[in-house]
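*Asks:* Here you go, sequence then predicted model.
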Amino acid sequence: MAISLLATGFASIHHSAFRTPPTHPEGKITKTVPLRGRPHGVAIAPDGTFCVSLIDESQIACGRLADTRPTVEQFVPVGKTPAHVALDPDGRVAYTADQYGNTASIVDLDSGSVVGSVELADGGFNIVASRTRAYVTTAEGVLYVIDAATRRKIAQLKLARGGANGLALDTLGNRLYVSSLDAGVVTEINTATNTKRRTFRVGRGAQRVALSPDRRTLYVASAQRGVESIDLVRGQVRSFPNVAPGAVGLAVSPDGARLYVTNPLSGLVTIIDPQARRVIDTLRELGTPRNVAFGRDGAMALVTNEQGSLIVIQ
């Protein structure tokens, strides 16, 4: 598929957010968009702006979701080896966690340029953003809090040993959930005070995490156990049946009816009904699917394939 590149800048592509009720894809692969540089992280803003981190190119590729396909409209150089990318809710600022650059890069998408860089003590692992803050984790288990206005770090917390990995932000509840890869725990952070609140024991190799739309359940991709859920009210941790170990990427659809889970080593995307706690479909032979994100209305999901493409599921 050809990739559209616009020479007129990025500001013109911002439109109003989706107004349709939340849904989920039917689970069919409809397109693949070729991308160089090992596509790794992916983020989608409410207005349909998306960015993909190209980990071997030290760039992000950004564009817009259309009705039938995503259109890539610009490439922006960032710090060395961007493992993940996040977008602010307005889709105008992107943040990257630069694994070998030991930085978090801040990108203004209207100008297509890096406007800030925050030094980290070690390699950036993952990142998530709100309008006022960005939260970036590192390979040594440190969480940094970045002020979006000043573009400076304002707090840091030492978490469990090993890589602080998955991130899920609950802006309504002032909570951030962070998985720790080696320790097999998820830490709940109070974002109003930037302090630790609770810790949940999960399987080793805890990867991406995702919060249910009602904010009562946290889903955890697990190298050891496939997928687990944490009941945030009762504190109960349960594994999902029939999900293979080696899960890495994970996202929940906006209507809460589907959970998409990637397994890079097996080339799988597993589609789960989280309410029924059952696997309803498995998409196979997808190369090396790494991360997944849903558009705001949920009708489209994007999956990064480290073998050089962006997979579109509708």
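*Replies:* Structure's in. What do you need?

*Asks:* CA atoms for contacts and neighbours, from now on please.
*Replies:* Will do.

*Asks:* what is V136 paired to in the beta sheet?
*Replies:* Note on V136: beta-bridge partners by DSSP bridges are I127, Y144.

*Asks:* ok, it to P241 distance?
*Replies:* Here the criterion is CA to CA, to the nearest Å. By it, V136 lies 32 Å from P241.

*Asks:* all helices of the stretch 201-314 of the chain, in order?
*Replies:* Per DSSP state H, counting those that start in this stretch, the stretch 201-314 of the chain carries no helices over any range.

*Asks:* how about low-confidence regions in it?
*Replies:* Along the stretch 201-314 of the chain, segments meeting pLDDT under 70 are nowhere present.

*Asks:* Could I get the full set of strands for it?
*Replies:* 206-211, 217-222, 226-231, 237-239, 250-252, 259-263, 268-273, 278-283, 289-294, 301-305, 309-313 (DSSP state E, counting those that start in this stretch).

*Asks:* Within its sheet, name the partner strands of the host helix or strand of R198 and how each one runs.
*Replies:* For R198, the host element (DSSP states H and E) is strand 195-201. According to DSSP bridges, strand 195-201 has the following sheet partners: strand 185-190 (antiparallel).

*Asks:* I would like the residues contacting the strand it pairs with, please.
*Replies:* In this structure, residues lying in contact with strand 185-190 by CA atoms under 8 Å, 6 or more residues apart in numbering are 159-160, 174-180, 195-204, 206.

*Asks:* same check, this time on stretch 121-138
*Replies:* By CA under 8 Å, 6+ apart, stretch 121-138 touches 82-90, 95-104, 120, 139-140, 143-149, 163-169, 171.

*Asks:* average pLDDT for it?
*Replies:* Averaged across stretch 121-138, the pLDDT comes to 97.

*Asks:* what does stretch 163-171 give?
*Replies:* pLDDT averaged over stretch 163-171 gives 96.

*Asks:* For that stretch, buried residues please.
*Replies:* Neighbour-count burial for stretch 163-171, counted by 16 or more other CA atoms under 10 Å, picks out 163-170.

*Asks:* same check, this time on stretch 280-299
*Replies:* 282, 286-299.

*Asks:* For V136 and P241, work out which one has more neighbours and name it.
*Replies:* V136 (32 against 13; other CA atoms under 10 Å).

*Asks:* What is the burial count for F240?
*Replies:* 18.

*Asks:* distance of it from L259?
*Replies:* 11 Å.

*Asks:* what residues does the helix or strand harbouring A155 touch?
*Replies:* Following DSSP H and E, one finds A155 within strand 152-158. Identification of contacts with strand 152-158 by CA under 8 Å, 6+ apart yields 118, 141-147, 194-195.

*Asks:* could you redo those residues as a markdown table and give each row neighbour count and pLDDT?
*Replies:* Shown next, in a markdown table, are the contacts of strand 152-158 (neighbours: other CA atoms under 10 Å; pLDDT from 0 to 100):
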| residue | neighbour count | pLDDT |
| --- | --- | --- |
| V118 | 16 | 98 |
| G141 | 26 | 96 |
| V142 | 25 | 97 |
| L143 | 25 | 98 |
| Y144 | 26 | 98 |
| V145 | 20 | 98 |
| I146 | 21 | 98 |
| D147 | 18 | 98 |
| N194 | 18 | 97 |
| T195 | 14 | 97 |
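
*Asks:* These: which two are farthest apart?
*Replies:* Largest separation among the contacts of strand 152-158 by CA to CA: V118 and T195, giving 20.9 Å.

*Asks:* Which positions within the strand holding A155 qualify as buried?
*Replies:* 152-153, 156.

*Asks:* do stretch 203-221 as well
*Replies:* 203-212, 215, 217-221.

*Asks:* Only alpha carbons, please: show it as CSV.
*Replies:* Output of stretch 203-221 as CSV, limited to C-alpha atoms (Å, rounded to 0.1, in the frame of the first residue of the first chain):
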residue,chain,number,x,y,z
GLY,A,203,3.1,-13.5,36.8
ARG,A,204,6.7,-12.9,35.8
GLY,A,205,7.3,-11.1,32.6
ALA,A,206,4.5,-8.6,33.1
GLN,A,207,4.2,-6.6,29.9
ARG,A,208,1.6,-4.1,28.7
VAL,A,209,-1.4,-3.2,30.8
ALA,A,210,-4.8,-1.8,29.9
LEU,A,211,-7.7,-0.3,32.0
SER,A,212,-11.3,-1.3,31.4
PRO,A,213,-13.6,1.6,30.4
ASP,A,214,-15.4,1.4,33.8
ARG,A,215,-11.9,1.7,35.5
ARG,A,216,-12.6,-1.3,37.7
THR,A,217,-10.4,-3.9,36.0
LEU,A,218,-6.8,-3.8,34.8
TYR,A,219,-5.6,-6.3,32.2
VAL,A,220,-2.0,-7.5,32.1
ALA,A,221,-0.2,-9.2,29.3
